[in-house]
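Enquirer: here are the coordinates; sequence isn't available:
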């Protein structure tokens with residue numbers, strides 16, 4: 001009797017981005033906290049350009065985790081190669097450079113995904129000498145800018161990446177005064193659930209306003225602690241990420 005032919009299945013090795021190192025920058029506290037889950041892929045990265053600008057991104061890639069990590073790896077390779085070139089000069093226009101970086105990342109996502117892949121993103125470039133931050137919010141959760149005037153939402157100014165190859169995003173500009181903080185959270189964090197209720201952006205704002213923070217790590221910790229309390233420490237269904245910048249009061 002002939003036995004049926006059994007085709008061996010070979011699992012592809014899991015492709016993952018290189019570890020992200022949070023840089024140090026005089027006068028600016030930088031931090032990120034992340035809890036992974038089974039679905040989707042939050043990805044963040046930072047770099048400091050030769051002229052001292054901080055360039056960063058937070059990306060939320062839809063779909064199964066393995067493919068999301070593969071796409072994130074392609075984005076990271078492009079980001080680390082192209083960002084220093086785009087932002088290399090003291091007189092570089094941050095907004096134009098950020099728009100150009102967004103175009104390149106969008107195309108890298110489409111190529112790595114071999115088609116359309118919903119990927120909301122927030123790209124930022126912060127000049128610590130001037131306290132100016134240019135940003136592209138491509139369909140992402142609003143960033144929160146907290147200063148003496150209160151909390152300002154940096155809303156989406158374009159569609160998510162990974163949908164159209166020729167999509168472009170004009171960069172917005174925000175002033176980060178001494179003592180001000182910028183907080184960015186992923187959609188998975190905002191959508192963390194307790195029963196039928198979502199944590200929501202309002203609870204993020206409340207946690208940010210609840211007290212004065214002395215460093216960026218403290219901000220991220222407070223937000224994730226608030227989520228854990230709300231969900232009663234239930235394991236997250238999606239990746240949750242908090243990323244914060246805090247400009248020193250005397251900077």
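Expert: Thanks, I have the structure now. Values in this document were obtained by computation on a predicted structure and should not be read as measured data. Numbering: from 1, shown residues only.

Enquirer: Let's verify residue 22: helix, strand, or coil?
Expert: coil (DSSP: H, G, I helix; E, B strand; the rest coil).

Enquirer: Next, count neighbours for it.
Expert: Around residue 22 sit 16 other residues, with neighbours defined as other C-beta atoms under 10 Å. (Glycine included, C-beta is placed from N, CA and C.)

Enquirer: likewise the one 10 residues further on?
Expert: Here the count is done by other C-beta under 10 Å, and residue 32 has 20 residues near it.

Enquirer: quick one: it and residue 243 touch, right?
Expert: Yes - counting by C-beta atoms under 8 Å, residue 32 touches residue 243, with 4.5 Å between them.

Enquirer: quick one: common contacting residues for these two?
Expert: Common contact partners of residue 32 and residue 243 (C-beta atoms under 8 Å, 6 or more residues apart in numbering): 44, 220.

Enquirer: in the protein, which helix has the most residues?
Expert: Counting by DSSP state H, the longest helix found in the chain is helix 65-86.

Enquirer: The stretch 151-251 of the chain: helices as residue ranges?
Expert: Applying DSSP state H, counting those that start in this stretch to the stretch 151-251 of the chain gives helices spanning 187-190, 200-209, 216-231.

Enquirer: Mind putting these into JSON lines with mean neighbour count, mean pLDDT and distance to residue 114?
Expert: Output for the helices of the stretch 151-251 of the chain, formatted as JSON lines (neighbours: other C-beta atoms under 10 Å; pLDDT from 0 to 100; distance: least, C-beta to C-beta, whole Å):
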{"stretch": "helix 187-190", "mean neighbour count": "22", "mean pLDDT": "94", "distance to residue 114": "23"}
{"stretch": "helix 200-209", "mean neighbour count": "16", "mean pLDDT": "96", "distance to residue 114": "33"}
{"stretch": "helix 216-231", "mean neighbour count": "19", "mean pLDDT": "96", "distance to residue 114": "34"}
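
Enquirer: looking at the ones you listed, which is closest to residue 136?
Expert: helix 187-190 (16.5 Å; C-beta to C-beta).

Enquirer: Run through who's touching the closest one.
Expert: Against helix 187-190 from outside (C-beta under 8 Å, 6+ apart): 37, 40, 42, 60, 120, 140-141, 198-201, 204, 223-224, 227, 236-242.

Enquirer: next one: it to chain centre, how far?
Expert: 12 Å (C-alpha atoms, centre = their mean, to the nearest Å).

Enquirer: Just the buried residues of stretch 19-27, please?
Expert: Buried positions in stretch 19-27, judged by neighbour count with 16 or more other C-beta atoms under 10 Å: 22, 25.

Enquirer: Alright, that wraps it up for me.
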